[in-house]
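Asker: Just the structure for this:
(one chain, ligands or ions: 1)
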Amino acid sequence: MKIVMLGAPGAGKGTQAKMIAAKYDIPHISTGDIFRANIKNGTELGKKAKEYMDRGQLVPDELTLELIMDRFTNPDCVNGYVLDGFPRTIAQAKALTASLEAKGEKMDFAIDVDVPDENIVDRMGGRRACVACGGTFHIKYNPTKIEGKCDLCGGELMIRDDDKPETVLNRLSVYHTQTQPLINYYTEEGILKTVDGTKDVNKVFEDILEILG
Ligand code: AP5
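Answerer: Prediction:
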């Protein structure tokens, strides 16, 4: 099963993508996580990506496409994947569709996690991410059992560099101009499904499972 997660920054794409990946035993592929791992490891790609990410802008398509196309060649993708944060521009979506068509494949579902802008700043302000495993929590909506420690691996929790309020507003504006058009793109492809992302995490997941069947 091949799934694309759509939605504003902080809508809960990553939270739901991890749950879908565990349920269907397919990889969760997050371009944001791959860029952050490269930044942490000090790679050339990470240095280039950081310049854009810290400003809340998108990393250029050519860098992103090279990275993701390479990821698809990994054997763990053979039964599908759940994409989180990719595609993010019409150019990326078209490149993805073309690369699937070249293999006689297609995307099965595009799931839009719909959350209004006014909820987003609150979500990102309270987000805490594990330095070690990337687990994502929220101080109010999804708190860890022990404050500051990851429930999954015990690692330290941190605030992401791009979760500062001024960067969040820029990310939202970039989302509306460059990524939201993908909703029409996947509507036209006939695979768009929308879930109400303002419900609690488990309820959103139930709604997604109903769609995936
Ligand atoms: P990326 O890492 O993809 O960030 P994003 O899309 O901005 O999304 P987030 O990770 O911020 O949010 P999310 O929707 O996954 O929400 P989460 O589940 O964490 O990208 C970062 C940057 O990398 C981009 O700005 C760009 O520069 C670059 N980049 C990445 N991909 C790229 C691409 N393809 N092309 C170009 N550049 C690219 O949830 C948020 C919080 O809310 C958490 O605290 C969570 O616990 C909480 N929460 C989740 N669900 C709920 C709920 N139902 N109720 C209450 N709280 C909830």
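Asker: what's near enough to touch the most centrally placed residue in the chain?
Answerer: Closest to where the C-alpha atoms of the chain average out (C-alpha atoms, centre = their mean) is residue 84, at 2.9 Å. Residue 84 sits next to 5, 13, 14, 17, 28, 29, 30, 31, 32, 33 when contact means C-beta atoms under 8 Å, 6 or more residues apart in numbering. Glycine gets a C-beta too; all of them are placed from N, C-alpha and C.
Asker: Quick check, the residue in this structure closest to the ligand?
Answerer: residue 32 (1.9 Å; C-beta to the nearest ligand atom).
Asker: That residue should be in a helix, yeah?
Answerer: Yes. According to DSSP: H, G, I helix; E, B strand; the rest coil, the state of residue 32 is that of a helix.
Asker: For it, which non-adjacent residue is spatially closest?
Answerer: Excluding the flanking residues, the one nearest residue 32 by C-beta to C-beta, 6 or more residues apart in numbering is residue 85, at 4.6 Å.
Asker: Which positions in this protein make contact with the ligand?
Answerer: The chain has residues 7, 9-15, 30-32, 35, 52-53, 56-59, 64, 85-86, 88, 92, 123, 126-127, 136-138, 141-142, 162, 171, 197, 200-201, 204 near the ligand, with proximity defined as C-beta under 6 Å from any ligand atom.
Asker: Now list the buried members of these.
Answerer: 7, 9-15, 30-32, 35, 52-53, 56, 58-59, 64, 85-86, 88, 92, 123, 126-127, 136-138, 142, 162, 171, 197, 204 (16 or more other C-beta atoms under 10 Å).
Asker: Just those: which are in helices?
Answerer: 13-15, 31-32, 35, 52-53, 64, 92, 123, 171, 204 (DSSP state H).
Asker: where do the strands sit along the chain?
Answerer: Per DSSP state E, the chain carries strands over the ranges 2-6, 28-30, 81-84, 109-114, 127-130, 136-138, 157-158, 192-196.
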